[in-house]
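Asks: Mind looking at a prediction? Sequence and model below.
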Amino acid sequence: MTTIKQTLSNARERLADNSDSPQADAEILLAFVLDCDRSFFHTWPELTLEPDQALKFETLLERRLLGEPIAHIIGTRSFWDFDLKVTADTLIPRPETELLVEQALSKIPTDEKQKILDLGTGTGAIALAIAHERPLCEVTAVEQSSTAREIARQNQARLQINNLKIIEGDWFTPVMHEKFELIVSNPPYVASDDPHLKSGDVRFEPKTALESGTDGLDDIRHIISHAQASLAPHGWLMLEHGYDQAAPVRQLLEQYHYKKIQQFQDLGNQPRLSTGQA
């Protein structure tokens, strides 16, 4: 029989060589097992775990020690104001992507009805956040993967967001006859031979949501080269990309004659978002 304090201390030590955030990982797993908020641990550090709770925690901890992402183990990931369902069939939403949501909202007046397009929606994170914050808008989310679409629809149903339409398709194909005031995307942008694909959480994520050719820019090229046909006059395109891709993404936006090009840094002060106006 061990206390919460002892359990967390032991788990933190065991995770030290396997995680960038061993304390947070341990607390998230234990909060999931005990069905409580993490603040509970600071209030009741000497509370003793029941044997079945200790066993369940150990089972989950072993999965994390093998490298499985926390989001896959507990089945959810926090993004914006939500807890989203996540599986191995979807990209895990990252805090950096909230920058894309923030900049998208800065372009959408609260009292206007606009048409917004999210390409490659995955869990629906970006589309759901925008639709929630701008209820007058009509948001369309395109996703090729049937399993990812189902996860996005489950997230939408649970959050009861009604101004979002999730449809099947490859990038612009299902919406080629429509016009949008804003197009956003967090597309695959990792080079196919990038060593990071073999380390950390990304080992467990779908490669189709990560890889994009030898330089990681295949999908970004496609989106930039085709987006103007789907943008309303003076509409905006916003793309998340790798921290080392800002220069080539800007060059692509310039090549296809986008105006008012801007680039923004993420929480780690890395260039992560590029925008341009039709």
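Replies: Perfect, thanks for sending it. Since the structure is predicted, the reported quantities are computational estimates derived from the model, not experimental observations.
Asks: ranges for the helices of the protein?
Replies: 4-15, 22-34, 40-43, 51-65, 70-74, 98-106, 125-133, 146-159, 218-227, 246-255 (DSSP state H).
Asks: Deepest in the core, which of those is it.
Replies: Of the helices of the chain, the one with the most neighbours on average (mean count of other C-beta atoms under 10 Å) is helix 125-133, at a mean of 25. Glycine gets a C-beta too; all of them are placed from N, C-alpha and C.
Asks: Show me what that one is packed against.
Replies: strand 82-85, helix 98-106, strand 115-119, strand 138-143, helix 146-159, strand 164-168 (3 or more C-beta pairs under 8 Å, 6 or more residues apart in numbering; DSSP states H and E).
Asks: mind showing which ranges of the stretch 51-200 of the chain have poor pLDDT?
Replies: Across the stretch 51-200 of the chain, the ranges flagged by pLDDT under 70 are 194-200.
Asks: which one's the longest strand in this protein?
Replies: Criterion DSSP state E: the longest strand present in the chain is strand 231-240.
Asks: picking that back up, could the helices of the chain be laid out in a markdown table, adding distance to residue 265?
Replies: As requested, the helices of the chain are arranged in a markdown table below (distance: least, C-beta to C-beta, whole Å):
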| stretch | distance to residue 265 |
| --- | --- |
| helix 4-15 | 29 |
| helix 22-34 | 23 |
| helix 40-43 | 33 |
| helix 51-65 | 30 |
| helix 70-74 | 24 |
| helix 98-106 | 8 |
| helix 125-133 | 18 |
| helix 146-159 | 28 |
| helix 218-227 | 18 |
| helix 246-255 | 9 |
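Asks: gap between residue 57 and residue 137?
Replies: Note on residue 57: its distance to residue 137, by C-beta to C-beta, to the nearest Å, is 43 Å.
Asks: should've said residue 120
Replies: Counting by C-beta to C-beta - residue 120 and residue 137 are separated by 19 Å.
Asks: neighbour count winner among the two?
Replies: Legend: neighbour count by other C-beta atoms under 10 Å for residue 120 and residue 137, higher for residue 120 (23 against 20).
Asks: how is this protein carved up into domains?
Replies: 4-67, 88-277 (automatic domain parsing).
Asks: Same list (those) but as a markdown table, adding distance to residue 80.
Replies: Output for the domains of the chain, formatted as a markdown table (distance: least, C-beta to C-beta, whole Å):
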| stretch | distance to residue 80 |
| --- | --- |
| domain 4-67 | 18 |
| domain 88-277 | 4 |
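Asks: Out of these, flag the one nearest residue 76.
Replies: With C-beta to C-beta as the measure, domain 4-67 is the member of these nearest residue 76 (8.8 Å).
Asks: Any idea how far apart the tips of that closest one sit?
Replies: Taking C-alpha to C-alpha, to the nearest Å, the first and last residues of domain 4-67 lie 23 Å apart.
Asks: now do stretch 33-44
Replies: The first and last residues of stretch 33-44 sit 15 Å apart, counting by C-alpha to C-alpha.
Asks: same check, this time on stretch 239-251
Replies: First residue to last in stretch 239-251 (C-alpha to C-alpha) measures 13 Å.
Asks: Repeat that for stretch 13-23.
Replies: Distance across stretch 13-23, first residue to last, is 9 Å (C-alpha to C-alpha).
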